[in-house]
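>>> Using only what follows, build the 3D model:
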Amino acid sequence: MIHLDTLQQRLRTVLGDDADITQAFNELTLVVPAERYLATCQTLRDHADLRFEMAIDLAGVDYVKYRDQPWLGPRFAVVLHLLSITHNWRLRVRSFVPDDEFPVMPTLVDVWPVLNWFEREAFDLFGILFEGHPDLRRILTDYGFIGHPFRKDFPLEGHVEMRYDAEQKRVIYQPVTIEPREVSPRIIREEGYGAKR
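Prediction:
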């Protein structure tokens, strides 16, 4: 596609010929090292040949069991989707978090303020910390929640459930009360169903 070729050429001109750019499904992905993540994003926004004025989305990714195969690189990545209204093109930016045990990336809230809640979501669900974020706290789980539910090693079954107690006027935890039950559907057919007449 001519449009993507033009964008790819401009990215290489602005960021250097060694820029890690791939094309798949009619979209370009730029992989940025963590140490250049903030500076590259500022360039993507400010350079006249690129002008990615709008951040559409930011998400965390856990690659620990990517495509059911062992993953050899860093476990976590931050993926950012950008839009240039000026030039009418989109770009995916991926940056791998260097430390699996204590995942930290710089915040992009000063570059694109809309990413405030997206970074909070990535922190809450994946445990990725965004250094310099103005209000990094959980956004979807309860304040006392332990762990990060979108990590691939997060347990799928638990022994407690959380609910709001109207009498105590607060969220409480209690043992799971799921009763085993038969989940096979009961099928009733009239006599001679399907027989030729």
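>>> strand partners of the helix-or-strand element of the chain with minimal mean pLDDT, parallel vs antiparallel please.
Sorted by mean pLDDT, DSSP states H and E, the helices and strands of the chain end with strand 160-165, the least confident at a mean of 79. Strand 160-165 sits in its sheet next to strand 170-175 (antiparallel), going by DSSP bridges.
>>> If you count neighbours, what's buried in the partner strand?
Judged by neighbour count (16 or more other C-beta atoms under 10 Å), strand 170-175 contains no buried residues. Just so you know, the C-beta spots here come from the backbone N, C-alpha and C atoms, and that holds for glycine as well.
>>> which residues are in contact with it?
142, 144, 159-165 (C-beta atoms under 8 Å, 6 or more residues apart in numbering).
>>> Using CSV, write out every CA atom in that strand.
C-alpha atoms of strand 170-175 as CSV (Å, rounded to 0.1, in the frame of the first residue of the first chain):
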residue,chain,number,x,y,z
ARG,A,170,-19.0,-1.7,52.3
VAL,A,171,-17.4,-4.4,50.1
ILE,A,172,-16.8,-7.7,51.9
TYR,A,173,-15.1,-10.9,51.0
GLN,A,174,-16.6,-14.2,51.9
PRO,A,175,-16.0,-17.9,51.0
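>>> what does the average pLDDT come to for that strand?
Across strand 170-175, pLDDT averages out at 82.
>>> what sits against residue 55?
Applying C-beta under 8 Å, 6+ apart, the residues near residue 55 are 80-83, 108, 111-112, 114-115, 118.
>>> For it, give me phi and psi.
Backbone geometry at residue 55, expressed as degrees, to the nearest 10, gives phi -100, psi 120.
>>> in the sheet, who's paired with it?
Under DSSP bridges, the residues paired with residue 55 across the bridge are residue 82.
>>> what residue is smack in the middle of this protein?
The residue lying closest to the centre of the chain (C-alpha atoms, centre = their mean) is residue 59, at 2.4 Å.
>>> Excluding chain neighbours, what is closest to that residue?
Closest residue in space to residue 59, ignoring its immediate chain neighbours: residue 79 at 5.2 Å, by C-beta to C-beta, 6 or more residues apart in numbering.
>>> Remind me what the stretch of helix or strand that neighbour belongs to packs against, helices and strands.
Here residue 79 sits within strand 76-84, counting by DSSP states H and E. Judged by 3 or more C-beta pairs under 8 Å, 6 or more residues apart in numbering; DSSP states H and E, strand 76-84 is in contact with helix 37-46, strand 54-62, strand 89-96, helix 115-126.
>>> Please name whichever of those is nearest to residue 73.
strand 89-96 (6.2 Å; C-beta to C-beta).
>>> what's in contact with the closest one?
By C-beta under 8 Å, 6+ apart, strand 89-96 touches 3-4, 7, 11, 27-34, 37, 40-41, 44, 52, 56, 61, 73-74, 76-84, 105.
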